[in-house]
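build me a model:
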Amino acid sequence: MIYYKQQNNSYEPMKVLTDLEIQFKIDNKTKPLGSLGKLEEYAFKICKIQNTLNPILKPIAFIFAADHGIAEEGVSAYPQEVTYQMVLNFLRGGAAINVFCNQHGIPLYVVDSGVKGTFENHPRLLHYKIREGTRNFFKEPAMTENELKRAFDSAKIILENYAIDKNLLICGEMGIANTTAASAILYALSDYSIDDCVGKGTGINESALQKKKEVIKQSVERYQLKNQDPLKVLQYVGGFEIAMMSAMYLEAYKKNMILLIDGFISTSAYLVAYKINPNIIHHTFFSHLSNENGHKNLLKLFSQEPILNLNLRLGEGTGSAIAYPILESAVRFINEMADFDSAGVSKA
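This next block holds a predicted model:
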């Protein structure tokens, strides 16, 4: 990538750091070579993305909320009104993601992408409702081409308006039955079996799990989505919140932001974005390994290791918010730790 900076109202080429320059700064810290393990890898990658030896993290988090018509098929343990209720909980500051974002000073916005019901105005609520829930994709495509385009356009507008000075993106989600949509996306865009793609989501019983698998398998086969255009897959079996996350990852990459990906649903949205532009992998950290069945297989598609493995499966962006301080530690050691020369310490 070529970087430019403005000097005297003109743009001039900016020097692109070499891998050797970044590695030298890491290796010259007062420690044995490689002794900070993964933190050194993370610091290297962040320096590479930002093209600087003095990186800085400015995070922002969005929760995208939407309902899903596929909930009519009994694929979730919770009733659909929980989506609406949880949005209110986010706005009151009572959810897990609120706690962790507050803990680490991460600004948080909630996006109504397609929740059933209306909300009063709130400083942290962004109104971008496409429709009151997707259609039941077991019976018809989840959304129209125009609705998908509106979701992508909305994500671009949100990022431009609310992440002006930010350089690290966290996307969380809320939507009853969205593990069904995420599993359908994984099944359509991979060679995995249906058993490898589908889990119990909110905690459904074995009978509901088998039905969930059949609904997904039959829908993907009916629409002939196996290894098809990712946008078509998103339109036919996705969700409005998943579509907006996919679009936001692509837009954030264009703005040279770091992508800190959350759990199963967020990673399914990332899969769509990755299929559209595989280069986004160079800006990506996967925050954790979800306890949802399909997530480990989803991560295998990218040949990447997650930062954490805490058996989480909550969504909301919680895994990313918990993993964020690990990246902050990587940045702090490369910026603040003494080197051998300044500390007067002899090298090995």
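
all helices of the stretch 101-250 of the chain, in order?
Ranges of helices in the stretch 101-250 of the chain, per DSSP state H, counting those that start in this stretch, are 145-162, 178-188, 194-197, 206-222, 230-237, 240-254.

buried residues, the longest one. List them.
Applying a neighbour-count criterion of 16 or more other CB atoms under 10 Å, the buried positions in helix 145-162 are Glu147, Leu148, Lys149, Arg150, Ala151, Phe152, Ser154, Ala155, Ile158, Leu159. The C-beta positions use only the backbone N, C-alpha and C, and glycine is treated the same way.

wait, doesn't the first one sit right on Ile130?
Going back to what we said before, that points to Glu147. Yes: using CB atoms under 8 Å, Glu147 is in contact with Ile130, at 5.2 Å.

list residues touching both of the two?
The contact sets of Glu147 and Ile130 overlap at Phe240 (CB atoms under 8 Å, 6 or more residues apart in numbering).

before we move on, back to that, output the helices of the stretch 101-250 of the chain as a markdown table; include the columns distance to Gly263 and mean pLDDT.
Formatted as a markdown table, the helices of the stretch 101-250 of the chain follow (distance: least, CB to CB, whole Å; pLDDT from 0 to 100):
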| stretch | distance to Gly263 | mean pLDDT |
| --- | --- | --- |
| helix 145-162 | 19 | 98 |
| helix 178-188 | 9 | 97 |
| helix 194-197 | 15 | 95 |
| helix 206-222 | 18 | 92 |
| helix 230-237 | 18 | 98 |
| helix 240-254 | 12 | 98 |
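
winner for burial among those?
helix 178-188 (a mean of 30; mean count of other CB atoms under 10 Å).

can you name every helix or strand that it contacts?
Packing partners of helix 178-188 (3 or more CB pairs under 8 Å, 6 or more residues apart in numbering; DSSP states H and E): helix 194-197, helix 206-222, helix 230-237, helix 240-254, helix 264-276.

how about the residue nearest to Asn205 when sequence neighbours are not counted, what does it touch?
Sequence neighbours aside, Ala77 is the residue nearest to Asn205 in space, at 7.9 Å (criterion: CB to CB, 6 or more residues apart in numbering). By CB under 8 Å, 6+ apart, the contact list for Ala77 reads Gly201, Thr202, Gly203, Ile204, Asn205, Ala208.

could you do Ala247 as well?
With contact taken as CB under 8 Å, 6+ apart, Ala247 is in contact with Ala151, Phe152, Asp153, Ser154, Ala155, Lys156, Ala273.

who's in contact with Phe285?
Residues counted as contacts of Phe285 (CB under 8 Å, 6+ apart) are Tyr42, Lys45, Ile258, Leu259, Leu260, Ile261, Ile307, Ala323, Leu327.

could you redo the last one with a cut-off of 6 Å?
Counting by CB atoms under 6 Å, 6 or more residues apart in numbering, Phe285 makes contact with Leu260.

repeat for Leu159
Met248, Glu251.

got any ranges where the protein has weak pLDDT?
Residue ranges of the chain with pLDDT under 70: 1-13, 202, 343, 346, 348.

kindly recompute the last result at 80.
For the chain, applying pLDDT under 80 flags the ranges 1-14, 200-204, 340-348.

quick one: the residue nearest the centre of it and Phe44, what's the gap?
The chain has Ile261 as the residue nearest its centroid, 3.4 Å off, counting by CA atoms, centre = their mean. According to CB to CB, to the nearest Å, Ile261 and Phe44 sit 19 Å apart.

same question, Met174
To Phe44, Met174 is 34 Å away according to CB to CB.

who has more neighbours, those two?
Looking at Met174 and Phe44 with other CB atoms under 10 Å, you find the greater number of neighbours at Met174, namely 29 against 17.

now that one. Nearest residue, chain neighbours left out?
Leaving aside its chain neighbours, Met174 sits nearest to Ala65 (4.3 Å; criterion: CB to CB, 6+ apart).

please apply the same query to Arg131.
In space, and not counting its chain neighbours, Arg131 is closest to Gly114: 5.4 Å by CB to CB, 6+ apart.

can you check Asp195 too?
Lys213 (7.2 Å).

I figured the one you found hits Gly199, correct?
No: at 10.0 Å, Lys213 does not count as touching Gly199 under the criterion of CB atoms under 6 Å.

how about the strands of this protein, start to end?
Counting by DSSP state E, one finds strands in the chain at the ranges 4-7, 10-13, 59-66, 108-114, 125-127, 168-174, 258-261, 284-286.

export these to TSV and tack on distance to Ile194?
Shown next, in TSV, are the strands of the chain (distance: least, CB to CB, whole Å):
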stretch	distance to Ile194
strand 4-7	48
strand 10-13	51
strand 59-66	24
strand 108-114	26
strand 125-127	35
strand 168-174	22
strand 258-261	24
strand 284-286	23
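
and of those strands, who's closest to Asp195?
strand 284-286 (22.6 Å; CB to CB).
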